[in-house]
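Engineer: structure for this input, please:
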Amino acid sequence: PNWMEVRYEDIGVATSSISRRIIGFLGAKRHKPVAEFFEQTLHFPIWLAYLAAATIHCVLIINVVAIGALIFIWMERKISGRIQDRLGPTRVGGAFGWLQTLADGIKLIAKEDVTPGEADVMLFKLAPYISFAASFCAYIALPFSDGWVAQNLNSAVFFVLAVLGLEVFGVILAGYASGSKWSLFGAMREAAQVVSYEVPLGICVVVPVFICGTMNLVTIGNMQSGLFTNWLIFNDPFTFALFWVYFTCAVASVNRAPFDLAEAESELVAGFHTEYSGLRWSFFFMAEYGSMLLVSGLAAILFFGGWHGPIPIAGPTATTLVNVLSFGQGESLVGL
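Structural biologist: Alright, predicted model coming up:
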């Protein structure tokens, strides 16, 4: 498999000499995937070459998930503070408090990891990793630009939805294994809620697939190139209404208010993760915020042109970097 399909000429003629060296190190010169670079240039065994290529992609993706969670938590605190006529975090990182989430992460690493006496120890410790692994693995098939995808799958839409749906098993296991009635109530609510949103979410995704005739997310994104009038959300009134159904189901799938029934701090203390502390508690939050970024990216590709901005950019300036930034503009339109 092609672990990295970025080609050298896609970077554009304006690429600096430093960027050229970095791209060359990653194996993009002369159309070499990363695995071929390790195998042919560094003379790695074939198994070690693909392992090194996979490791590079996993490290890049896990940093997207982790840094995305840091930024989203900070933004949520600041915006919620403004809505509630508060300042939000201001102590760490200057007036904007942009280092507060990082400080909280360091605090969680240092906290004691407590396991309740009534808990099923193995399932209790395994649950947060199941949730995070499901959210993380779904990024394998999510393209950030044309060719910038860990694995370009022809069934990418199906893969993303199928793997992302596994996150709920970690939530249910956490509630069942905690030995707490509040955690169990939260898990039961999540089990009931997943039946409500999974079916309409799948139907909403099927419509863009039928319009484009493919489940390949790279192809779907490229079919919307040009003006914003080519975006699928403006294809007809039905796809415009369909996006808002997808938006509602996506909010429910990541347990955001008003669909935070599995947590419901006002009723269930903290819901399914009431008994968790320390690093395992943070894994649930990384999975949740990673899923937020994922469903936003999926919406940007399916309805908002993906990496194609509202105004087409042609010529040497149409670099992969510009495409990636345009993809971020699409996600900001989703507003999750």
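
Engineer: roughly how far apart are the most centrally placed residue in the chain and residue 244?
Structural biologist: Centroid check for the chain by CA atoms, centre = their mean gives residue 294 as the closest residue, at 2.9 Å. Residue 294 sits 19 Å away from residue 244, going by CB to CB, to the nearest Å. Any C-beta I mention is one placed from the backbone N, CA and C, and that applies to glycine too.

Engineer: now the helix or strand harbouring the residue nearest to the centre of the chain: buried residues?
Structural biologist: Residue 294 belongs to helix 278-303 when elements are defined using DSSP states H and E. Residues of helix 278-303 classed as buried: 280-303 (neighbour count, 16 or more other CB atoms under 10 Å).

Engineer: what's the answer for stretch 225-234, then?
Structural biologist: Buried, per 16+ other CB under 10 Å, within stretch 225-234: 225, 231-234.

Engineer: in the chain, what residue spans correspond to helices?
Structural biologist: Counting by DSSP state H, one finds helices in the chain at the ranges 17-25, 34-36, 46-83, 100-110, 121-137, 156-164, 167-177, 181-212, 217-222, 237-253, 265-268, 278-303, 320-334.

Engineer: what about those, which gets the closest to residue 92?
Structural biologist: Among these, helix 100-110 comes nearest to residue 92, with 4.6 Å by CB to CB.

Engineer: between that closest one and helix 46-83, how many degrees?
Structural biologist: Computed by axes from the mean of the first three to the mean of the last three CA atoms, to 10 degrees, the angle separating helix 100-110 from helix 46-83 equals 120 degrees.

Engineer: kindly export helix 100-110 (C-alpha atoms) in CSV.
Structural biologist: Output of helix 100-110 as CSV, limited to C-alpha atoms (Å, rounded to 0.1, in the frame of the first residue of the first chain):
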residue,chain,number,x,y,z
GLN,A,100,-4.1,26.3,30.6
THR,A,101,-5.1,23.1,28.8
LEU,A,102,-1.5,22.0,28.5
ALA,A,103,-1.0,22.7,32.3
ASP,A,104,-4.1,20.6,33.0
GLY,A,105,-2.7,17.8,30.9
ILE,A,106,0.5,17.8,32.9
LYS,A,107,-1.5,17.8,36.1
LEU,A,108,-3.5,14.7,34.9
ILE,A,109,-0.3,12.8,34.1
ALA,A,110,0.9,13.5,37.7
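
Engineer: for that helix, packing partners?
Structural biologist: Under the contact criterion of 3 or more CB pairs under 8 Å, 6 or more residues apart in numbering; DSSP states H and E, helix 100-110 touches helix 46-83, helix 278-303.

Engineer: would a markdown table of those with mean pLDDT be doable?
Structural biologist: Listed next are these as a markdown table, based on pLDDT from 0 to 100:
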| stretch | mean pLDDT |
| --- | --- |
| helix 46-83 | 82 |
| helix 278-303 | 85 |
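
Engineer: would you list these in a markdown table and tack on distance to residue 191?
Structural biologist: As requested, those are exported to a markdown table (distance: least, CB to CB, whole Å):
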| stretch | distance to residue 191 |
| --- | --- |
| helix 46-83 | 25 |
| helix 278-303 | 16 |
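
Engineer: so which of those gets nearest residue 133?
Structural biologist: Here helix 278-303 is closest among the helices and strands packed on helix 100-110 (CB to CB), at 8.3 Å.
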